[in-house]
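Enquirer: only geometry, no sequence info:
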DNA sequence: TACCCCTGGTTTGGATGCAAAATGTAAATG
DNA sequence: CATTTACATTTTGCATCCAAACCAGGGGTA
């Protein structure tokens, strides 16, 4: 994830186990997990290699996430929200409002906004109560630059518009408008993917950004 | 998958390894893989248990698969198809036509139809060239009764309608009609899920059906 | 009688050793 | 000189062994 090991290189188990100070057995389960998550490529009797991700892969991951979260939003809109959760969502919206209230993007506000954003999206997905959507969304983020922790904190109007999507989404959900909720979240995420790809293209984002999805 | 081991039971590694005739090491990697696929639940230091699937889980899996394959169909429609692939799809449609040409459902035709159906859906998904969609769709099928090998071969009009969806989907894709392709496949799969759930509810399908997704 | 703690057995997790497969190298052959 | 083949080395995969964590049952105490 950090880019420390480059794409395509072969991961030798003995070397890695020595580097990490564990034996090969737990290392192999870790490698198997990462392979299942799609970060590594496994070939029988040939070991694990670091998968490479093109910009198209990032866009594709966002596209998949968009329809999945769209489904989640639609589901939540169909079922309706309890007042309690509505209040939580509104509190998150306020956090975002505060972070964007200065008329410009202050780097100090990024962390607040980011954690709000993560919570917001996770909350919607969790509320849909669809294990598969939850799992699959998590997996679309298991790729460099595709996490919902990844926020391009550079263009103020873009962020304002993006957060406005959040407002409208809560509005749509609370009004039980299924199609609008679906569309809003789909578009919200789809655009984020396209915009991110554009920024990566321009080199506006350093390849080793602190925005990568390590915990 | 076959239901041989019931939901909720704990999988003891030593017992299983003896039953399967392998040592615990490869068994543990297998268990880890199944857990990653969502079939088993893993708790640290407490081992693996067989996850249980409600009918809602099956419906949820279909719902997720519906939006993902819808995305795939939309992508293919947007990009367009080569003549070669169009011919392949048309050949599959003909296989389906033949299997349904008797005016009733003959059990002898199920296998042909089933393998055609698997190929058809896989082909669409593969053609979208989105690794994540491909992976995620595969995962939504890693649950009893949710495989695309699962076909309720009981009601003739339902099958005719379902196969007609295939025809219309190819038509929509070949005409580059993105929304129609998206909608058709979404609805096609969504309905299949609802219908299946209904049949399961009625007990029209034996719980240990030969339709489960073992290879 | 209900609850807690302690202890013995069971089960999982990790380390090590060994066989099989793959890779790289050098010699042999055309 | 290119290609192939045999061999040595590396690397993976599986079996086994040991320690640590969990579980069940019994005894003790309030």
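Expert: Yes, it's here. Keep in mind it's a predicted model, so treat the numbers as computed, not measured.
Enquirer: How much space separates residue A:118 from residue A:147?
Expert: Distance from residue A:118 to residue A:147, counting by CB to CB, to the nearest Å: 8 Å. (Glycine included, C-beta is placed from N, CA and C.)
Enquirer: higher neighbour count, the two?
Expert: Remark: of residue A:118 and residue A:147, residue A:147 carries more neighbours, 20 against 15, as counted by other CB atoms under 10 Å in any protein chain shown.
Enquirer: Give me the three-state assignment for the more buried one.
Expert: Using DSSP: H, G, I helix; E, B strand; the rest coil, the structure places residue A:147 in coil.
Enquirer: any bit of stretch A:162-179 sitting next to chain B?
Expert: No. Using CB under 8 Å from any CB of the partner chain, stretch A:162-179 stays clear of chain B, with a minimum separation of 12.0 Å.
Enquirer: can you map out the strands along chain A?
Expert: Taking DSSP state E as the test, the strands found in chain A are A:10-11, A:40-43, A:47-50.
Enquirer: average pLDDT across the shortest one?
Expert: Rounded to a whole number, the mean pLDDT of strand A:10-11 is 95.
Enquirer: now the second one
Expert: With pLDDT averaged residue by residue, strand A:40-43 scores 96.
Enquirer: and that strand, which strands flank it?
Expert: strand A:47-50 (antiparallel) (DSSP bridges).
Enquirer: residues from chain A in reach of DNA strand D?
Expert: Within chain A, the positions lying close to DNA strand D (CB under 7 Å from any atom of the strand) are A:10-14, A:24-25, A:28, A:44-48.
Enquirer: so which of the residues you listed is the most crowded?
Expert: That'd be residue A:48 among the residues of chain A next to DNA strand D, by other CB under 10 Å, with 23 neighbours.
Enquirer: Just to check, it is in contact with residue A:42?
Expert: Yes. Residue A:48 lies in contact with residue A:42 (CB atoms under 8 Å); the separation is 5.3 Å.
Enquirer: what do those two both touch?
Expert: Both residue A:48 and residue A:42 are contacted by A:31, A:35, under the criterion CB atoms under 8 Å, 6 or more residues apart in numbering or on different chains.
Enquirer: Return the per-residue confidence for residue A:142.
Expert: Reported pLDDT for residue A:142: 88.
Enquirer: and it, what are its phi and psi?
Expert: The phi/psi pair for residue A:142 (degrees, to the nearest 10) reads phi -80, psi 50.
Enquirer: so what's it closest to, chain neighbours aside?
Expert: Spatial nearest neighbour of residue A:142, excluding adjacent residues (CB to CB, 6 or more residues apart in numbering or on different chains): residue A:37 at 4.6 Å.
Enquirer: number of nearby residues for that neighbour?
Expert: Residue A:37: 15 neighbours (other CB under 10 Å).
Enquirer: swap in residue A:4?
Expert: 6.
Enquirer: I'd like to know how far residue A:109 sits from residue B:38.
Expert: 37 Å.
Enquirer: Now do the same for the residue in chain A that DNA strand C sits nearest to: its pLDDT.
Expert: Using CB to the nearest atom of the strand, residue A:23 is the residue of chain A that sits closest to DNA strand C, at 2.7 Å. Among the per-residue scores, residue A:23 holds a pLDDT of 96.
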